[in-house]
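Trainee: following is a predicted model, sequence given first.
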Amino acid sequence: MTAVENKKIDWFDKNPYLNHLGFEVMVQDGKDILVKLSIDSRHLNIQQNLHGGVHASMLDTIQSVALKTVYKTNVTALNLNVHYVTGINQGLITANARIIQQGYKIAAVESEIVDERGELIAKGSGVYKIRR
């Protein structure tokens, strides 16, 4: 990653669940929003791999952040699909998202989680209701 800086999103810091997981929001190259996580033992399942719920939470979080940044209002997930590609149990992972359809009340988003080398860990897609 290049030119990474912290981006202050007030609602993000106030979310106890995201704080518990240790998610951080960042901006890359002044425009791309990322969610990052430094994996530690609390994130692992019984097989000592990143728990699937952490993947899902991270994908939902980056998709929501992307939409809230564009729409400037709350969004609610109507559907979330997660595709687990490879296991991981340590290091830094980041998630990014791309809005693929913007409507007045509904939007669709794709996202992915990659490790420090850029290797794909998981992919996701979601449909969200725009709260108006």
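Mentor: Structure's in. What do you need? As the structure is a prediction and not an experimental result, all values here were calculated from the model.

Trainee: C-alpha only now, for contacts and for neighbours.
Mentor: Will do.

Trainee: just give me how far the helix ranked longest in the chain sits from the chain centre.
Mentor: Secondary structure assigned by DSSP state H gives helix 52-71 as the longest helix of the chain. Its chain's C-alpha centre and that of helix 52-71 lie 4 Å apart, by Cα atoms, centre = their mean, to the nearest Å.

Trainee: for that helix, what does the pLDDT average out to?
Mentor: The average of the pLDDT scores along helix 52-71 is 95.

Trainee: shaky segments in the chain?
Mentor: Along the chain, the model assigns pLDDT under 70 to residues 1-11, 28-31.

Trainee: residues in contact with residue 77?
Mentor: Residue 77 sits next to 60, 126, 127, 128, 129 when contact means Cα atoms under 8 Å, 6 or more residues apart in numbering.

Trainee: neighbours around the residue nearest to the last one when sequence neighbours are not counted, how many?
Mentor: Ranked by Cα to Cα, 6 or more residues apart in numbering and with sequence neighbours excluded, the top spatial neighbour of residue 129 is residue 106, at 4.7 Å. Residue 106 sits with 16 neighbouring residues when counted by other Cα atoms under 10 Å.
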